[in-house]
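>>> Build me a model from this:
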Amino acid sequence: MRITNALQAEAIDNPHGVAVSKLYDTEHAQAMHITLEPGEHLKRHITPVDVFFFVLEGTGIVEIGEEKEEVGPDTLVDSPASIPHCWYNESNAPLRVLVIKVPRPTESTRLL
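Got it, this is the predicted structure:
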């Protein structure tokens, strides 16, 4: 059994310059925890595999392809492979999102 606390997991360097920790990483899938502080956002990027996001806390704007929508806690968002996407925190509180990549990517994410 493996237990990982998202708020205590080791932060990883990332091109977005935001708080990201890797919670799960096997040959089949990958799970990341992202915290966007007020005013922070991800850079638009393309992930080579399907991704789904689950909002744990806060409110943010998710952009997938040409669509943008404000979402809050307990919301699951599907992002198909190879579609540009990003997140924005325009609120006054932290936004915490669980990111699941399936299958585990074998290619790097590409910034736009």
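>>> make it CA atoms for all contacts and neighbour counts henceforth
Noted.
>>> Quick check, central residue of this structure?
Centroid-nearest residue in the chain: Val99, 4.2 Å away (criterion: Cα atoms, centre = their mean).
>>> in its sheet, what does the host helix or strand of it sit against?
Element membership for Val99, per DSSP states H and E: strand 95-102. Partners of strand 95-102 in the sheet, by DSSP bridges, are strand 30-36 (antiparallel), strand 50-57 (antiparallel).
>>> average pLDDT across the first one?
The average pLDDT within strand 30-36 is 96.
>>> how about it: buried residues?
Gln30, Ala31, Met32, His33, Ile34, Thr35, Leu36 (16 or more other Cα atoms under 10 Å).
>>> so what secondary structure elements neighbour the lowest-mean-pLDDT helix or strand in the chain?
Lowest by mean pLDDT, DSSP states H and E among the helices and strands of the chain is strand 110-111, with a mean of 92. Packing partners of strand 110-111 (3 or more Cα pairs under 8 Å, 6 or more residues apart in numbering; DSSP states H and E): strand 45-46.
>>> Return the set of residues that bridge with the residue nearest to Ala11 when sequence neighbours are not counted.
If the residues on either side of it in the chain are set aside, Ala11 comes closest to Ser21, at 4.5 Å by Cα to Cα, 6 or more residues apart in numbering. Ser21 forms beta bridges with Ala11, His33, as assigned by DSSP bridges.
>>> Thanks a lot, catch you later.
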